[in-house]
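Trainee: Structure, please.
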Amino acid sequence: MQAALMRAPYGTEIKAICKQIQISVLLLAIFSGYGLGQSVTGVVFLVRHAEKASDAKDALLSEAGHKRAECLAHFLKNANIRKILVTPVVRTRQTAEPLAKALGLKPTALDADDIDAFVNNLRGLPNANVLVVGHSDTVPKIIEQLAGGKIPSIEGSEYDKIFVVHPEANGKRGSVVTLRYCDCK
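Mentor: Below is the predicted model:
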């Protein structure tokens, strides 16, 4: 494997290594509770919507945003996602659409200002893997309530973070892993 990577073009080598890291981290997140005396729950994947075309309140995705949405679908297609939560804003639905279509799921829209509704929905699905597509200000709040920890703020130009949350069944705390996905520039 190492020799094959050394002969591959630089970009291919990096992509192969990134893929291995992504798979390893996802598996670690999914199975982190097994055998450790913890109650095992599903995994929650949270992302900010993909790049938007303008600063309008209900802006659509840009071309780069559509590419990122497709990449997200590819990234999570084998993550056993059983439910997708979005906000009513078009760009969150557009970000989730490729994965929802591939999995035959219909995203559930919840009010972006009602963080409790998101958290209660997630806690009501204790054994399901779920994708949440939110906003730069809602994703950190959901993570804080769901896993009991704070994450650094999501900057206005950051669209490539995916937060993998493994909440404990007791709802008091959990683990959070932050990854970056899809270089769409």
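Trainee: Could you look up the SS state of N121?
Mentor: Under DSSP: H, G, I helix; E, B strand; the rest coil, the three-state class of N121 is helix.
Trainee: Run a quick neighbour tally on it.
Mentor: Applying other Cβ atoms under 10 Å, we find 15 residues neighbouring N121. All C-beta atoms are positioned from the backbone trio N, CA, C, and that covers glycine.
Trainee: Check the spacing between G174 and L125 real quick.
Mentor: 14 Å (Cβ to Cβ, to the nearest Å).
Trainee: Show me which of these two is the more surrounded one.
Mentor: G174 (22 against 15).
Trainee: what's the spacing between the more buried one and K106?
Mentor: From G174 to K106 the distance is 27 Å (Cβ to Cβ).
Trainee: Next: S175.
Mentor: Distance from S175 to K106, by Cβ to Cβ: 29 Å.
Trainee: of these two, who's got more company?
Mentor: S175 (18 against 10).
Trainee: Got the confidence number for that one?
Mentor: As predicted, S175 sits at a pLDDT of 88.
Trainee: which residue packs closest to it, ignoring adjacent ones?
Mentor: In space, and not counting its chain neighbours, S175 is closest to H166: 4.8 Å by Cβ to Cβ, 6 or more residues apart in numbering.
Trainee: Am I right that that neighbour is in a strand?
Mentor: Yes. With three-state DSSP as the criterion, H166 is located in a strand.
Trainee: Note down every partner strand of the helix or strand encompassing V176 and its orientation.
Mentor: Using DSSP states H and E, V176 sits in strand 174-180. Counting by DSSP bridges, the strands paired with strand 174-180 are strand 161-167 (antiparallel).
Trainee: If you average the pLDDT over the strand it pairs with, what comes out?
Mentor: The model assigns strand 161-167 a mean pLDDT of 92.
Trainee: quick one: buried residues of it?
Mentor: K161, I162, F163, V164, V165, H166, P167 (16 or more other Cβ atoms under 10 Å).
Trainee: what's the neighbour count on A79?
Mentor: The burial count for A79: 18, using other Cβ under 10 Å.
Trainee: The nearest residue to it once chain neighbours are set aside bridge partners, please.
Mentor: Of all residues not flanking A79 in the chain, N129 sits nearest, at 5.8 Å (Cβ to Cβ, 6+ apart). Judged by DSSP bridges, the bridge partners of N129 are I81.
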